[in-house]
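Colleague: Would you be able to build a 3D model of this:
(one chain, ligands or ions: 1)
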Amino acid sequence: MSFLEDFVFSFPEKLFSSPTTLLGAFALLLVLYIVSSSFTSQEKRKEPPGPRPLPLLGNLLQLDLKRPHKTLCELSKKYGSVFTVYLGTNKVVVLAGYKTVKEALVSNAEAFGDREVTPIFYDMTQGHGILFANGKSWREMRHFSLSTLRDFGMGKRVAEDKILEECHHLIQVFQEHKGKPFDTARLANYATSNIISSIVYGSRFEYNDPRFQNMVRRVNENIHLCGSVSVQVYNMFPWLASWIKNRKLMLENFEMTVRDIGDLIKHLKESLNPNACRGLVDCFLIQKQKEEDSCVMDTHYNDRNIIFTLANLFAAGTETTATTLRWGLLFMAKYPHIQDQVQEELSRVVGSRQVQIDDRKNLPYVDAVIHEMQRMANIVPTAIPHKTSQDVTFRGYFIKKGTTVYTLLSSVLYDESEWESPHTFNPSHFLDKEGKFIRREAFLPFSAGRRVCLGESLAKMELFLLFASLLQRFRFTPPPGVTVEELGLSPVVGFTLSPAPHKLCAVSRE
Ligand code: HEM
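Modeller: This next block holds a predicted model:
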């Protein structure tokens, strides 16, 4: 915030330093007046209430940009479940609590289903791909990716085999640490990115492949940088572009990833067999050729869409699942009595054979723990910003077409009217009195509606097989000399909430 404060406080001094700028000052005041009167017109149009914004800065000085979701949850206590904040001059409508978020995303799916493409993501993908796209191109890329991922086994046996293969590699590298403390971050990321890679490219990478290591490192770096204060400031004031170092780093990282993806596609193109798809890339290339051959007008199967779709799947499919798994292992080290029960159930039901997806129905406690770790980890606390696709009146408030909407998933996952003990790690949230697994409506870590996470069923399979396989083989403990109480649970805020850097011991149970 020091940059902003410096800017705000030195601005008037600079402005009035020369008489020739007086005219400019007058024009600025006029703009401020117009902006501020548009803010105060909220009441007349029954727009959602909110804290009074400052001209140009909006509510920036009231928000903790290092933990925006926390401030927004606090503001919802004062202004209700539908309220407005201004990030600079950008108006954002925030939706809080399970009932409100569900009503918007599911009952008003069309109106709340567009994506807000912030300047940093526009700089990267110019509206291509899936995550930061809208309209026909988004629809086509989402549909193509979903159906191809399903064909390649998302939620089915084929994906199970790929995940189990990766479990095997992950167990091996965990074993190499021989019970000594190590940071699980890098290896967890290699495992999850390899699962999506083998579905997309048709093959996995070796963990020591430098190109693969760099691709994973750059994705993680970008996810971290995009939650930095300076990049958030850039999204509000895009004219600051050339001063924002983190923006430059993100674009450089992204450019290198695009180059790597381009090389991988080129390689697959050279050995393409139209009768045997090895992965999503082959299917895309075949569809592209088909549309070109039949001269389809306005085809969306173009080079930019394939590259940015792959970049989206790699980024969205890697860090999210790995971060959740790392939270899970950390919770197990922190709450050894829960780890005891997980391992008791695994030993009783599965024994020493390989865990399979079919075992899930017989492992209600393990399933409940995995759901609870996703709920508590709350890794995408504000979801990914949405935008209204049309004027909408929601819960009595008018929201204009094109307004940015934050669906505050942390207010859903910690909703005090939905969860018995929202701030405590409590697997009983997902168990009935007989110890059977129960689904909970307010469990929305993947969001809901038109933009619901495209990889939800793959992520669920991954989390179950990776978590259960690791817990079957290893006991997770804090490093020697660190007590359970000293294991911190405060997150590092980036695009996702991840555990602060830490080490754990994976002690073999055999
Ligand atoms: C534990 C793991 C994961 C979590 C918690 C998670 C969560 C989310 C959330 C909250 C969104 C935003 C939804 C919204 O805008 O309302 C999202 C979108 C998305 N996710 Fe995931 N995700 C996970 C894993 C994955 C995986 C494995 C993939 C890849 C196959 C994936 C691909 C995507 C894509 C492509 C979108 C954009 C959808 C769109 O804009 O239409 N995610 N995810």
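
Colleague: need the contact list for the residue nearest to the spatial centre of the chain.
Modeller: When the chain is reduced to its mean C-alpha position, the closest residue under C-alpha atoms, centre = their mean turns out to be Val380, at 4.8 Å. Neighbouring residues of Val380 by C-beta atoms under 8 Å, 6 or more residues apart in numbering: 320, 409, 445, 447, 495-497. For glycine as for every other residue, the C-beta is placed from the backbone atoms N, C-alpha and C.

Colleague: ok, it to Thr320 distance?
Modeller: 7 Å (C-beta to C-beta, to the nearest Å).

Colleague: Now the common contact residues for the two.
Modeller: Shared contacts of Val380 and Thr320 (C-beta under 8 Å, 6+ apart): Thr496.

Colleague: Now do the strands in the chain.
Modeller: Using DSSP state E, the strands of the chain run over 82-87, 90-96, 114-115, 386-387, 392-394, 397-399, 404-408, 474-477, 491-493, 497-499, 505-508.

Colleague: contacting residues for the residue in the stretch 151-300 of the chain that the ligand sits nearest to?
Modeller: Residue of the stretch 151-300 of the chain nearest the ligand, by C-beta to the nearest ligand atom: Ile196 (5.6 Å). Ile196 sits next to 313-314, 317-318, 455, 458 when contact means C-beta under 8 Å, 6+ apart.

Colleague: any idea of the pLDDT on Leu22?
Modeller: pLDDT, Leu22: 41.

Colleague: cool, Phe152 as well?
Modeller: 77.

Colleague: Likewise for Val200?
Modeller: Here the pLDDT value assigned to Val200 is 92.

Colleague: Count the residues that sit near it.
Modeller: The burial count assigned to Val200 is 27, neighbours taken as other C-beta atoms under 10 Å.

Colleague: any idea how far Phe205 is from the closest residue to the ligand within the chain?
Modeller: Using C-beta to the nearest ligand atom, Gly455 is the residue of the chain that sits closest to the ligand, at 2.2 Å. Distance of Gly455 to Phe205, given as C-beta to C-beta: 19 Å.

Colleague: So for the two, which residue has more residues nearby?
Modeller: Shown here are Gly455 and Phe205; by other C-beta under 10 Å, Gly455 has more neighbours (22 against 18).

Colleague: show me the contacts for the closest residue to that one other than its chain neighbours.
Modeller: Nearest non-adjacent residue to Gly455, counting by C-beta to C-beta, 6 or more residues apart in numbering: Gly317, 5.3 Å away. Gly317 makes contact with 192-193, 195-196, 455, 458-459 under the criterion C-beta under 8 Å, 6+ apart.

Colleague: Just read off the phi/psi values of the nearest residue to Thr403 once chain neighbours are set aside.
Modeller: Leaving aside its sequence neighbours, Thr403 sits nearest to Thr388 (C-beta to C-beta, 6+ apart; 4.9 Å). Main-chain torsions, Thr388, degrees, to the nearest 10: phi -70, psi 140.

Colleague: is it true that Leu329 touches Phe476?
Modeller: Yes - between Leu329 and Phe476 there is a contact under C-beta atoms under 8 Å: 5.1 Å.

Colleague: that older thread, mind pulling up the pLDDT for the residue of the stretch 151-300 of the chain closest to the ligand?
Modeller: With respect to pLDDT, Ile196 scores 93.

Colleague: same deal with Tyr301?
Modeller: In this prediction Tyr301 is given a pLDDT of 89.
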